[in-house]
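Student: take this sequence and fold it.
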Amino acid sequence: MSRWSINIPLSASVAAIVFAVIVMSVQLSSLASAMLTPRLQDDPTRARLDEYLVEHETSLGAYRDRVEGRSLFFKPKPYPRLEKPAPKIVDRDPVEPVPLPEPAGPPSTYSGPRILFVLGDEVWFHNGMHLSVGEESDGVTVIASSAPWSITLGHDGGEYDIDLFKRNSLFDGGPPRSKPMVGLKIVDESRQRNQP
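Tutor: Sure, this is the predicted structure:
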């Protein structure tokens with residue numbers, strides 16, 4: 001074996017041992033100073049914790065005393081009510097009463113539910129209500145029906161004639177307003193009856 005092959009591992013081992021001794025000496029000095037330092041007798045954190053524990057025990061005892069021996073259904077006594085002082089009576093001049101306004105008459109136009117359609121003596125409304133002549137509901141009375149032309153309703157103390165369709169000559173049986181179709185003649189029924 002050569003001399004160099006032995007010296008390299010040996011020198012590396014010696015260097016590692018020296019380094020370990022240095023590190024241990026630094027750590028031992030910190031450990032020795034911690035061991036030699038006197039311990040604090042009065043720890044402020046421990047003192048505060050003891051105070052909190054004593055307060056907790058006191059509060060817990062008060063809570064326990066409030067609950068023990070009481071019924072869950074115990075009704076507490078009502079708080080005493082303070083009596084209100086009697087109001088002072090002040091003499092005033094008598095005030096004349098204000099006259100109430102006279103009630104207004106029925107409205108000039110019908111203001112009840114809207115009419116949907118009229119079928120014979122029955123009137124149907126948009127709110128789903130339907131009444132026959134002489135019936136009353138929700139303040140509306142069907143007084144008369146002249147279907148399909150008009151109806152008479154009572155509402156809010158008034159009677160209202162409501163026109164559904166305007167009468168014209170076409171529906172009244174009068175002569176038609178327009179000329180007849182080509183090839184047709186207008187026949188007067190009175191002349192035909194008089195002819196033999």
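Student: lowest-scoring secondary structure element of the chain by mean pLDDT?
Tutor: Across the helices and strands of the chain, mean confidence by mean pLDDT, DSSP states H and E is lowest for helix 169-172: a mean of 50.
Student: nearest residue to the residue nearest the centre of the chain other than its sequence neighbours?
Tutor: In the chain, the centroid-proximal residue (CA atoms, centre = their mean) is Asn127; its distance is 26.5 Å. In space, not counting the residues next to it along the chain, Asn127 is nearest to Pro113; the distance is 5.0 Å by CB to CB, 6 or more residues apart in numbering. Yep, even glycine has a C-beta here, placed from its N, CA and C like the rest.
Student: for the one you found, list the residues it contacts.
Tutor: With CB atoms under 8 Å, 6 or more residues apart in numbering as the criterion, the residues that contact Pro113 are Phe125, His126, Asn127, Met129, Asp138, Val140.
Student: looking at the residues you listed, spot the one nearest Pro97.
Tutor: Out of those, the one with the shortest distance to Pro97 is Asp138. That distance is 35.2 Å, counting by CB to CB.
Student: for the closest one, give me its contacts.
Tutor: Shown here is Asp138, whose contacts under the criterion CB under 8 Å, 6+ apart are Gly112, Pro113, Met129.
Student: what's around the last one, how many residues?
Tutor: Each residue near Met129 was counted by other CB atoms under 10 Å, and the total is 14.
Student: surely it touches Gly139?
Tutor: No. Applying CB atoms under 8 Å, one finds Met129 not in contact with Gly139, separated by 10.8 Å.
Student: can you pull out the helices in the protein?
Tutor: Remark: helices of the chain, listed N- to C-terminal, are 3-36, 44-67, 169-172, 189-194; assignment by DSSP state H.
Student: report the buried residues of the first one.
Tutor: Within helix 3-36, no residue is scored as buried using 16 or more other CB atoms under 10 Å.
Student: distance from that helix to the middle of the chain?
Tutor: 81 Å (CA atoms, centre = their mean, to the nearest Å).
Student: same deal with the second one?
Tutor: Here the centre of helix 44-67 is set off from its chain's centre by 46 Å, with CA atoms, centre = their mean.
Student: where does the protein dip in pLDDT?
Tutor: The chain contains residues with pLDDT under 70 at 1-6, 39-42, 69-76, 91, 93-94, 167-196.
Student: which residue packs closest to Trp149, ignoring adjacent ones?
Tutor: Counting by CB to CB, 6+ apart, Phe165 is the residue found nearest to Trp149 once chain neighbours are left out, at 5.6 Å.
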